[in-house]
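Visitor: sequence and predicted structure are below.
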Amino acid sequence: MRVHPMAARRKLARTAAAVGAIALLAGCVSFGPRAPDKLLTLTASNAAPAGSSRTGAEGNAIAITDFEATAGIDVLRVPVRINGSELAYLKDAVWVERPQRLFRRVVAETVRARTDRIVIDGDDPGVAATVRVTGVVREFGYDAPTSSVVVRFDATRMEPGGAAVTSRRFEAVVPGVAAESGPVGQALNQAANQVAGEIAAWLL
């Protein structure tokens with residue numbers, strides 16, 4: 001079948017316009033970087049069994065409120081301390097969520113499992129007469145000179161009504177760790193659970 005030259009030119013023009021529109025859209029819309037093959041998270045070694053419940057007065061409750069973190073830690077990457085003044089980030093190591101939030105949940109779950117206290121994970125203003133625990137994550141990464149993972153946390157415990165404020169530094173070090181995402185992630189989980197256990201003992 002013979003196609004009229006004018007019709008062929010119109011069809012070619014429509015095709016070119018469509019291709020141009022697709023190219024323009026591709027240049028304006030970004031779907032973000034390729035997702036990493038694996039994401040790091042933290043899991044509590046001690047967890048309360050399903051179905052467990054506790055009751056008691058507000059004075060027996062502990063609220064584990066949001067933790068803060070230094071700027072180098074408050075990201076989705078794992079910091080690597082090169083020396084006293086230089087910081088880098090570990091290749092292919094990406095957290096599923098900010099590490100201070102993951103760590104707070106590990107602490108809350110560990111305290112819940114190891115004590116008889118009612119644990120409130122988060123800042124609940126409805127619980128007025130309760131012990132509140134917060135703090136700052138100072139180190140949560142890899143130390144290159146010693147091939148170690150370091151977790152350092154400055155905790156603050158506030159008694160009901162501001163009767164007393166107590167602070168304490170907790171630290172865990174796991175030596176001999178290869179500078180790779182998998183080993184570092186496992187070591188950070190181990191160190192985080194060690195610190196969480198020490199915090200639970202401090203709150204007994």
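Guide: In hand now; what should we look at?

Visitor: tell me what the helix or strand hosting Ala63 is packed against?
Guide: Remark: Ala63 resides in strand 61-64, with elements defined by DSSP states H and E. With contacts taken as 3 or more Cβ pairs under 8 Å, 6 or more residues apart in numbering; DSSP states H and E, strand 61-64 sits against helix 99-114, strand 118-121, strand 131-143. Any C-beta I mention is one placed from the backbone N, CA and C, and that applies to glycine too.

Visitor: looking at these, which is nearest to Ala178?
Guide: strand 131-143 (9.7 Å; Cβ to Cβ).

Visitor: and the angle from the following helix or strand past that closest one to strand 131-143?
Guide: Once the chain leaves strand 131-143, the next helix or strand it forms, by DSSP H and E, is strand 148-158. Counting by axes from the mean of the first three to the mean of the last three Cα atoms, to 10 degrees, strand 148-158 points 170 degrees away from the direction of strand 131-143.

Visitor: next one: strand 148-158 to chain centre, how far?
Guide: 14 Å (Cα atoms, centre = their mean, to the nearest Å).

Visitor: ok, for Val137, nearest residue in space, not its chain neighbours?
Guide: Ala69 (4.2 Å; Cβ to Cβ, 6 or more residues apart in numbering).

Visitor: least reliable of the helices and strands packed on strand 61-64 going by mean pLDDT?
Guide: Note on the helices and strands packed on strand 61-64: lowest mean pLDDT is at strand 118-121, with a mean of 86.

Visitor: is Leu87 bridged to anything, and to what?
Guide: Arg81 (DSSP bridges).

Visitor: what sits against it?
Guide: 72, 79-81 (Cβ atoms under 8 Å, 6 or more residues apart in numbering).

Visitor: re the thing from before, pLDDT (mean, whole number) over the strand holding Ala63?
Guide: pLDDT averaged over strand 61-64 gives 89.

Visitor: again with stretch 194-204
Guide: 95.

Visitor: format the contacts of Leu87 as JSON lines; extra columns: distance to Pro160, pLDDT and neighbour count.
Guide: Formatted as JSON lines, those follow (distance: Cβ to Cβ, whole Å; pLDDT from 0 to 100; neighbours: other Cβ atoms under 10 Å):
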{"residue": "Gly72", "distance to Pro160": "34", "pLDDT": "96", "neighbour count": "17"}
{"residue": "Pro79", "distance to Pro160": "36", "pLDDT": "97", "neighbour count": "22"}
{"residue": "Val80", "distance to Pro160": "41", "pLDDT": "97", "neighbour count": "19"}
{"residue": "Arg81", "distance to Pro160": "38", "pLDDT": "96", "neighbour count": "19"}
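
Visitor: farthest pair within those?
Guide: Across the contacts of Leu87 (Cβ to Cβ), the longest gap, 9.8 Å, separates Gly72 and Val80.

Visitor: now do the shared contacts for those two.
Guide: 87, 141.

Visitor: ok, the residue nearest to Val137 touching Pro99?
Guide: Yes. Counting by Cβ atoms under 8 Å, Ala69 does reach Pro99; the two are 7.0 Å apart.

Visitor: which neighbours do the two share?
Guide: Joint contacts of Ala69 and Pro99 (Cβ under 8 Å, 6+ apart) are 137, 140.
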